[in-house]
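**Q** just a sequence and a predicted model for now, questions to come.
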Amino acid sequence: MENSLFWSRNFIPVYFIVAFLTFLLFKFYIRTDNIIAYLPILLCVVIGIASLIYNFKEKSD
């Protein structure tokens, strides 16, 4: 897990960009208000925050 691409500092913005683009897709193109459609967005944001925390702890050690 230490050398994983998904936890690297360079990959952190990807989570938030994907979450934002997915939100735009569901909100304006598909036009859904179903809460279950927004779970992938929430998952991307949570993984992005977890990656920030992981990298911050790694830097401080």
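**A** That came in fine, so what should we check first?
**Q** where along this structure do the strands fall?
**A** Under the criterion DSSP state E, the chain contains no strands.
**Q** how far off centre is the least confident helix or strand in it by mean pLDDT?
**A** Of all the helices and strands that make up the chain, the one with the lowest confidence by mean pLDDT, DSSP states H and E is helix 39-60; it has a mean of 89. Remark: helix 39-60 is offset 7 Å from the chain centroid, using CA atoms, centre = their mean, to the nearest Å.
**Q** list the buried residues of that helix.
**A** For helix 39-60, burial by neighbour count (16 or more other CB atoms under 10 Å) applies to I41, C44, V45, I47, G48, S51, Y54. (Each C-beta comes from the backbone N, C-alpha and C, glycine too.)
**Q** how much space between the closest residue to A19 other than its chain neighbours and D33?
**A** Distances taken as CB to CB, 6 or more residues apart in numbering place C44 nearest to A19, at 3.8 Å, with adjacent residues excluded. Shown here: C44 relative to D33, a distance of 19 Å by CB to CB, to the nearest Å.
**Q** ok, L5 touching F11?
**A** Yes - L5 lies in contact with F11 (CB atoms under 8 Å); the separation is 5.9 Å.
**Q** looking at those two, which is more packed in?
**A** Neighbours around L5 and F11, counted as other CB atoms under 10 Å, are more numerous at F11. The numbers are 14 against 8.
**Q** so what's P40 up against?
**A** Residues counted as contacts of P40 (CB atoms under 8 Å, 6 or more residues apart in numbering) are T22.
**Q** likewise for F16?
**A** The neighbourhood of F16, defined by CB under 8 Å, 6+ apart, consists of C44, V45, G48.
**Q** how close does it get to L24?
**A** Between F16 and L24 the distance, using CB to CB, works out to 13 Å.
**Q** try F11
**A** Taking CB to CB as the measure, F11 and L24 are separated by 21 Å.
**Q** kindly report the same for F56.
**A** Where L24 is concerned, F56 sits at a distance of 28 Å (CB to CB).
**Q** and T22, what is it in contact with?
**A** Contacts for T22 (CB under 8 Å, 6+ apart) come out as P40, I41, C44.
**Q** do I have it right that the last one meets P13?
**A** Pointing back at C44 there. No - with contacts defined as CB under 8 Å, C44 does not count as touching P13, sitting 11.4 Å away.
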